[in-house]
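# Fold the stuff below for me.
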Amino acid sequence: MTPDKINRLGIVAVALFTLLAPWILPVFVDEFWVDIYSEMLIWSLLAASVNLLFGYVGLLSFGQALFFGMGMYGVAIGIAKIGLGFWPAFGFGILLSTTMALITGFLAVRLTWHYFAIITVVFSLIFYFTALSWKPLTGGDDGLSFTMPPIFSFGEETAISLTDPTVQYYFIVLMVGACYALMGVVLKSPLGRAFRTVKENDMRAALIGLNVYMIRLTAFVIAGFVAGVAGALFAFFGRYASATYMFYHVSGEAVVWAIIGGAGTLLGPVVGTTLLITLREELSDVWEHYLIVVGVIVIVVVIFAPKGLGGLWMGMVNRIFDKSANGNQPKEGGE
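Numbers count the residues shown, from 1 in each chain. Model prediction:
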């Protein structure tokens, strides 16, 4: 069995657990954890948008909460203010976040290193305060709640809606899975190889004919799209949108999740998000300073596993197979 096959088995195991979670979690822990796991999947998408930029293009963004919040507000405003149905509101939220990513990315990706990180924070703060002050549209400090429309309706009495917990869970799984599949396809394509080339050495990438600016902008827009899907899903999950989720500390949490899970690995954000949200839920009830533990974990991982837990796992598997392959080679002299 090769390392790739082991990694595929791990992905299959995670997928099976995700599909069976509504039956597994109530038996071994509590039914409450089904909702927590749904939340983990949504937040992992936000971390994945950070990972796409940082792990594959080398741009550290602290502004992904802006696109997350735009996805939330697109859904909430679409339903509560415009009167849109489920799918139009969902599409409106994603369109709003993707358009915002295109506009901000047009300026932001001209910069790199800490300058890029700073400008993403600035954009996030601008629209955070705009959302707080534009109370007639966004609800200001109170946020904006809405009534859940049906996903599909058949006649006047039969409808499928996210008010059904099972429907909500599997809808989130479907959307999150589709986003990860899309990112997997992109990262294996020539565009994905261009992302890695720009990360490794943008000057050499330019010398061989790659348009570094357009590659970074494309990655920024895709990351904004992914964060927007996460925000739209979270709005449906809570039936609510708030400017709080546009603040840069939300982006900071996503950065931590991506780094812990493994920047530059497709499913690293899922690992980091699951681990740290589980710690939050388990420790926050018994110790109010649980963030100290999170800080210690981040420090340990950055020092001893700079590629994150996903990178650590892949490194261990590769080392095991390298030793096995070397051990099976015949010795010199035909011995």
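
# Next, count neighbours for V185.
V185 has 11 neighbours, counted by other Cβ atoms under 10 Å. Yep, even glycine has a C-beta here, placed from its N, CA and C like the rest.

# what's the answer for the one 3 residues further on, then?
Burial measure for K188: 11 neighbouring residues, criterion other Cβ under 10 Å.

# Same check on V294?
17.

# I figured it hits T278, correct?
No. The pair V294 and T278 fails to qualify as a contact (Cβ atoms under 8 Å) at a distance of 11.3 Å.

# Give me the residue ranges of the chain where confidence is low.
Filtered on pLDDT under 70, the chain yields the residue ranges 1-7, 154-158, 317-318, 321-335.

# Which residue ranges of it form helices?
3-28, 32-56, 64-77, 86-108, 113-133, 135-138, 165-188, 190-200, 202-207, 212-238, 248-261, 268-283, 291-304, 308-328 (DSSP state H).

# okay, the ones you listed, which one's buried deepest?
Highest mean neighbour count of those: helix 64-77, a mean of 31 (counted as mean count of other Cβ atoms under 10 Å).

# Quick one: distance of that one to the chain centre.
14 Å (Cα atoms, centre = their mean, to the nearest Å).

# now do stretch 129-145
25 Å.

# got it, and stretch 86-99?
Taking Cα atoms, centre = their mean, one finds the center of stretch 86-99 at 17 Å from the center of the full chain.

# before we move on, what about stretch 309-317?
With Cα atoms, centre = their mean, you get 20 Å for stretch 309-317.

# just to revisit the earlier point, Throw the helices of the chain into a markdown table and include distance to S153, thanks.
Supplementary listing: the helices of the chain in a markdown table, determined by distance: least, Cβ to Cβ, whole Å:
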| stretch | distance to S153 |
| --- | --- |
| helix 3-28 | 24 |
| helix 32-56 | 23 |
| helix 64-77 | 18 |
| helix 86-108 | 9 |
| helix 113-133 | 31 |
| helix 135-138 | 28 |
| helix 165-188 | 13 |
| helix 190-200 | 39 |
| helix 202-207 | 50 |
| helix 212-238 | 16 |
| helix 248-261 | 34 |
| helix 268-283 | 33 |
| helix 291-304 | 43 |
| helix 308-328 | 41 |
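
# Spatially central residue in this protein, please.
Computing the C-alpha centroid of the chain and ranking residues by Cα atoms, centre = their mean puts L45 first, at 2.1 Å.

# Contact partners for that residue?
Going by Cβ atoms under 8 Å, 6 or more residues apart in numbering, L45 touches 176, 179, 226-227, 229-230, 233, 269.

# List just the nearest of those residues to M246.
Nearest to M246 out of the contacts of L45 is A227 (Cβ to Cβ; 10.9 Å).

# G315 is in contact with P306, isn't it?
No. When contacts are counted by Cβ under 8 Å, G315 is not listed as touching P306 (10.6 Å).

# Now list whatever residues contact both of those two.
By Cβ under 8 Å, 6+ apart, no residue touches both G315 and P306.

# my read: V57 touches R193, true?
No. The criterion here is Cβ under 8 Å, and V57 misses it with R193 at 11.9 Å.

# quick one: common contacting residues for these two?
Applying Cβ under 8 Å, 6+ apart, one finds that no residue jointly contacts V57 and R193.

# any idea how far I172 lies from L144?
Plainly put, I172 is 21 Å away from L144 if you go by Cβ to Cβ, to the nearest Å.
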